[in-house]
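K.L.:
Pasted the sequence and its predicted model underneath.
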Amino acid sequence: MRKKARHFLKTLQSRTSLLLHRQIHMDSSPTERYCYKPILKWNPQVEEYFIQAYGEQHFSRISDALTRPSCYSCIRVNTLKSTSSLVIEKLIAILQERGLQKGMAGGSNNLQSEEELVKESVDVCNGSEPPRIFLETDYVSKCQIPGLDNVVLVKGSGPHAVNYECKGGKSPKEVIVSRKCAEAVLRGAQVYVPGVLACSAHVEKGDSVAVSVAVEQPLTDGGWGANITRGTVLQGSESDPYHFERKGLYIGQGITMLSRPGIFRASEGIAVDMVNRVFRLSSFYELLEGEIFLQNLPSIVAARVLDPQPGERILDMCAAPGGKTTAIAILMKDEGEVIATDRSHNKVHDINKLAAEMGLTCIKSFKLDALKAVYRRKESDTSQILDNVGSANGTPAPQTEAFSNAASDNLNSELTSQCHYDSVVQLNGSRTELKKNIRKKKNGPGRNHTSGGRVEKSQGFLLNSFDRVLLDAPCSALGLRPRLFAGEETVESLRNHAKYQRRMFDQAVQLVRPGGVIVYSTCTINPGENEGLVRYALDTYKFLSLAPQHPKVGGPGLVGSCQLSDGYSEQWLKLGEEDLVQRFDPSSAVDTIGFFIAKFTVGPKDDVPL
Ligand SMILES: C[S@@+](CC[C@H](N)C(=O)[O-])C[C@H]1O[C@@H](n2cnc3c(N)ncnc32)[C@H](O)[C@@H]1O
């Protein structure tokens, strides 16, 4: 069966590649070649599944939208430090100055006058009607959706036709970049040295180059790959790597900041300054730090939908890099407790850095595997809770316990001055270990914790100990855009994501108190990870119900079920449930990433074995 499937896949892939190759050969005029018309490649079975879910035309629109960036940048304002109006004023001034500077340098039309930009973005914004979420007359404006007045939108524009200077039929000097690099460039980044794979011969600093991307192609072993030896010399001929496959994959024109040898010798820095882009989006890198946060609109909506209240205890289960965590803390006016966990040590460090940058003190972050988020007492465990309100036996204990390594540091008299989550003391380590911890606390963090504070580990939390839980689950990320390749996910890998998410959700259900709220979100268009999870949740836990969401920006969810040719079937929403979830469709007028939000209210858990 597996062999057959592999054979089918291989035949399909080689046929697609052959067809594409022929089509490319037939049409090779410069205007056809030097343009941006990508076709997203999917695993054929995944494509079949999505076509069943969305219908062929709708899926084709989604697939097409995924290859483009959203036509605006979305900025969340830290309302504890600034206001949307103030940020708008500052941004307009900064962007105008940048435009002027570029204009004076004489190289770029990347940032034109405000007037020109308004006109262009309204004219060409992704070839569709601009979304009605911002003021069409303003380049930078407050989001018009009620409940999102902390959001500032900055218009971008594209796709633009770029003149690659193919004079007299001569091909321009070229640079080929990796797919990841190209996706970043489409979002507004520059071409950095590590992203460059190949470059024309005799390229000097200051040369104008056409930038194209090498996207993964089907390999004979049934996999995908884009194998270019870094440093390959381009001849401007058909023998160049991926010559035919790169047709229609030109992302703009730039000026080299280094010579060809310099690009491949350096380990960091800008290789190409992109002066003429297919999509023009402002970069906000290191701009108004702590005051603003660049974030996708649906992520901002997800934090709002959770509706955290000052003084509450919130768990953000997969929190890094902390975009939603900080949004939640700000909505709570930095009062209460936001426990942010992630399984990656370095990423937890990122949460701490972001929280510090935004001046938020109610966030406590821990390294913790979300699959083990519920504290399980081991036989050998002699943990005691020194807090007089908490209890370790699993009964509801208001605002108390994270079992953390940090907690063991508090054996000394500092207990009372700590936040209440620290009030659990874990005694299952040896006395020596505990003494070491106390010493560490007195003497400072030590070598391993020099860069911006330590990362605490947690051993989990007590049942029913949170008012609200956000599970922004790790997922197939098939809603993220712009993307130039989607073939890496198979139907098996999609099903595995869904299984993983269910196990995490099982933990979330146990940690939230009766009367509390769970918000589940993903950044994928895969129904199995979205509506499939909701079906699982509602069928497994009868005390959960879908709750209405505010603000409501996304569209309805998918109702029904799906049966695939391999016999696999999947249940989605029942009629009447579709308007209680938000599905952000990348091809819709709101023009966001693909995203999904479900909000559950938690009824009494009595009589329910968990
Ligand atoms: C979608 S991202 C979260 C984005 C984040 N909520 C934000 O808004 O900034 C998913 C995160 O889940 C984390 N993750 C993956 N598996 C995990 C696990 N088993 N336990 C905890 N975190 C996990 C990843 O490290 C990643 O940071």
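P.N.:
Arrived safely, thanks for sending.

K.L.:
Do I have it right that residue 247 meets residue 32?
P.N.:
Yes. Residue 247 is within contact range of residue 32, at 6.9 Å (criterion: Cβ atoms under 8 Å). (Glycine included, C-beta is placed from N, CA and C.)

K.L.:
higher neighbour count, the two?
P.N.:
Between residue 247 and residue 32, counted using other Cβ atoms under 10 Å, the more crowded position is residue 247 (20 against 13).

K.L.:
and that one, which of the three is it?
P.N.:
Following DSSP: H, G, I helix; E, B strand; the rest coil, residue 247 is assigned to coil.

K.L.:
how close does it get to the ligand?
P.N.:
Computed as Cβ to the nearest ligand atom, to the nearest Å, the residue 247 to the ligand distance reads 34 Å.

K.L.:
Repeat that for residue 299.
P.N.:
Distance, residue 299 to the ligand, by Cβ to the nearest ligand atom: 5 Å.

K.L.:
Could you tell me which residues of the protein lie near the ligand?
P.N.:
299, 318-324, 342-344, 347, 369-371, 472, 474 (Cβ under 6 Å from any ligand atom).

K.L.:
For ChimeraX, write the select line for the buried members of these.
P.N.:
This is how ChimeraX selects the buried members of the residues of the chain next to the ligand, with burial counted by 16 or more other Cβ atoms under 10 Å:
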select :299,318,319,320,321,322,323,324,342,343,347,370,472,474
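
K.L.:
Which residue ranges of the stretch 1-150 of the chain form strands?
P.N.:
Secondary structure of the stretch 1-150 of the chain, counting by DSSP state E, counting those that start in this stretch: strands at 72-77, 140-142.

K.L.:
Show me where the stretch 401-550 of the chain dips below the pLDDT cut-off.
P.N.:
401-453 (pLDDT under 70).

K.L.:
quick one on the thing from earlier: in helices, which of the residues of the chain next to the ligand fall?
P.N.:
Taking DSSP state H, the ones among the residues of the chain next to the ligand that sit in helices are 299, 323, 324, 347.

K.L.:
correct me, but residue 202 touches residue 261?
P.N.:
No. At 10.5 Å, residue 202 does not count as touching residue 261 under the criterion of Cβ under 8 Å.

K.L.:
Domain-wise, how is this structure divided?
P.N.:
What automatic domain parsing lists as the domains of the chain is 2-33+161-277, 72-155, 296-374+463-610.

K.L.:
ranking these by burial, who's on top?
P.N.:
Comparing these by mean neighbour count (mean count of other Cβ atoms under 10 Å), domain 296-374+463-610 ranks first with a mean of 20.

K.L.:
quick revisit: now the strands of the stretch 1-150 of the chain in JSON lines, with mean pLDDT?
P.N.:
Output for the strands of the stretch 1-150 of the chain, formatted as JSON lines (pLDDT from 0 to 100):
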{"stretch": "strand 72-77", "mean pLDDT": "96"}
{"stretch": "strand 140-142", "mean pLDDT": "92"}
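
K.L.:
Could you export these as JSON lines, including distance to residue 185?
P.N.:
Shown next, in JSON lines, are the strands of the stretch 1-150 of the chain (distance: least, Cβ to Cβ, whole Å):
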{"stretch": "strand 72-77", "distance to residue 185": "15"}
{"stretch": "strand 140-142", "distance to residue 185": "22"}
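
K.L.:
which one of those strands lies closest to residue 520?
P.N.:
The minimum distance between residue 520 and the strands of the stretch 1-150 of the chain falls on strand 72-77, with 20.7 Å, by Cβ to Cβ.

K.L.:
Neighbouring strands - and their directions - for that closest one?
P.N.:
Partner strands and pairing direction for strand 72-77 (DSSP bridges) are strand 151-155 (antiparallel), strand 292-294 (antiparallel).

K.L.:
can you pull the contacts of residue 301?
P.N.:
Neighbouring residues of residue 301 by Cβ atoms under 8 Å, 6 or more residues apart in numbering: 148, 551, 553, 554, 582, 597.

K.L.:
Likewise for residue 203?
P.N.:
173, 175, 209, 256, 259, 260, 263.

K.L.:
quick one: which of the residues you listed is nearest residue 219?
P.N.:
For these, the nearest to residue 219 is residue 175 (24.2 Å; Cβ to Cβ).

K.L.:
ok now the helix or strand hosting the closest one, how far from the chain's centre?
P.N.:
According to DSSP states H and E, residue 175 maps onto strand 174-177. Mean-position distance between strand 174-177 and its chain equals 26 Å (Cα atoms, centre = their mean, to the nearest Å).

K.L.:
Next secondary structure after that strand?
P.N.:
Counting by DSSP H and E, what follows strand 174-177 is helix 179-186.

K.L.:
Low-confidence stretches in the chain?
P.N.:
1-28, 100-137, 166-169, 379-453, 607-610.

K.L.:
now the helices: where do they sit in the stretch 51-200 of the chain?
P.N.:
Along the stretch 51-200 of the chain, counting by DSSP state H, counting those that start in this stretch, helices occupy 56-66, 84-105, 114-124, 179-186.

K.L.:
Spatially nearest residue to residue 254 (excluding sequence neighbours)?
P.N.:
residue 272 (3.8 Å; Cβ to Cβ, 6 or more residues apart in numbering).

K.L.:
residues in contact with the closest residue to residue 142 other than its chain neighbours?
P.N.:
Using Cβ to Cβ, 6+ apart and skipping residues adjacent in sequence, the residue nearest residue 142 is residue 84, 5.0 Å away. Taking Cβ under 8 Å, 6+ apart, we find residue 84 in contact with 77, 142, 149, 150, 151, 152.
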